[in-house]
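A.B. asks: sequence first, predicted model second:
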Amino acid sequence: MIQHVWEVAQASKRVAQTLVATDDSAIFDAVEGFGGQAVMTSPEFESGSDRVAWVAKQAGAQADSIVINLQGDEPLLAPEALDGLIQVLEENPEAQMATLAVKKHSESELHNPNVVKVVLDRSGEALYFSRAPLKSGPDFFFKHVGVYAFRFGALETFCRLESSALERVERLEQLRALQNGFTIQVIPIAEDTVAVDIPGDVGLVEQALKMRSEGRHP
């Protein structure tokens, strides 16, 4: 799966460098085995954001550099989605963070706590994220797709902040950013992804990857 995610990043037109940050030697070896570049990190990092910030600093990131936190559980993400995240930060110098969302109509997903919902203001910035049902209209909601782009200076600041009350309640670290005044621009994407959030998602992702390899739409 990690190779598929690597290939998504490599296919992006705007991503200049792709590094896999991991504290697992098996993942490190797998990445090196298919020709990717991996970086071993400390197992003491509490989150993926901490790990990405450390690796970006080692790679020479500057305060205004754009860093994307793309987790290894998003093999079906379109490369164009990464391009959109980078573009919105390039075109909005004051923007600190950007993430993705897709419009959904499924009642079962709306009430599924493993599906994170986000509501937006009129300018497309995030107002709130929740695992609880959170509609944006009478018959739709926005499902959050957990891929983030940061300006490196904002990422470093974010990682120094203490966990917030809402973050602990919802188990969503992006709420730490909102509670501390960060702006998060949300980029709508047309097609949903299938991330591996629970063991049962693995089969769904494998099926979707097989259909894609056969030229069929998942």
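C.D. replies: All right, it came through fine.
A.B. asks: strands of the protein, start to end?
C.D. replies: With DSSP state E applied, the chain shows strands at 20-22, 38-40, 66-69, 97-104, 117-120, 126-130, 141-151, 184-188, listed in chain order.
A.B. asks: out of the ones you listed, nearest to residue 174?
C.D. replies: Comparing the strands of the chain against residue 174 with C-beta to C-beta, the closest turns out to be strand 126-130 (5.5 Å). C-beta coordinates here come from the backbone N, C-alpha and C atoms, glycine included.
A.B. asks: and the angle for that closest one with strand 141-151?
C.D. replies: Between the axis of strand 126-130 and that of strand 141-151 there is an angle of 120 degrees, by axes from the mean of the first three to the mean of the last three C-alpha atoms, to 10 degrees.
A.B. asks: what residues are up against residue 126?
C.D. replies: For residue 126, the set of contacting residues under the criterion of C-beta atoms under 8 Å, 6 or more residues apart in numbering consists of 99, 118, 119, 120, 174, 178, 184, 185, 186.
A.B. asks: need these in a markdown table (columns: pLDDT).
C.D. replies: Below are those laid out as a markdown table (pLDDT from 0 to 100):
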| residue | pLDDT |
| --- | --- |
| 99 | 98 |
| 118 | 98 |
| 119 | 98 |
| 120 | 97 |
| 174 | 96 |
| 178 | 97 |
| 184 | 97 |
| 185 | 97 |
| 186 | 97 |
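A.B. asks: ok, of those, which come out buried?
C.D. replies: Judged by neighbour count, with 16 or more other C-beta atoms under 10 Å as the criterion, the buried members of the contacts of residue 126 are 99, 118, 119, 120, 174, 178, 184, 185, 186.
A.B. asks: beta partners of the second one?
C.D. replies: Listed by DSSP bridges, the beta-bridge partners for residue 118 are residue 129, residue 142.
A.B. asks: that one contacts residue 134, doesn't it?
C.D. replies: Yes: with the criterion set as C-beta atoms under 8 Å, residue 118 and residue 134 qualify as a contacting pair; they are 7.5 Å apart.
A.B. asks: touching both of the two, which residues are there?
C.D. replies: By the contact definition C-beta under 8 Å, 6+ apart, residue 118 and residue 134 are jointly contacted by residue 128.
A.B. asks: once you drop chain neighbours, what's closest to residue 163?
C.D. replies: With sequence-adjacent residues excluded and distances taken as C-beta to C-beta, 6 or more residues apart in numbering, residue 163 is closest to residue 176, at 6.2 Å.
A.B. asks: how close does that neighbour sit to residue 101?
C.D. replies: Distance from residue 176 to residue 101, counting by C-beta to C-beta, to the nearest Å: 19 Å.
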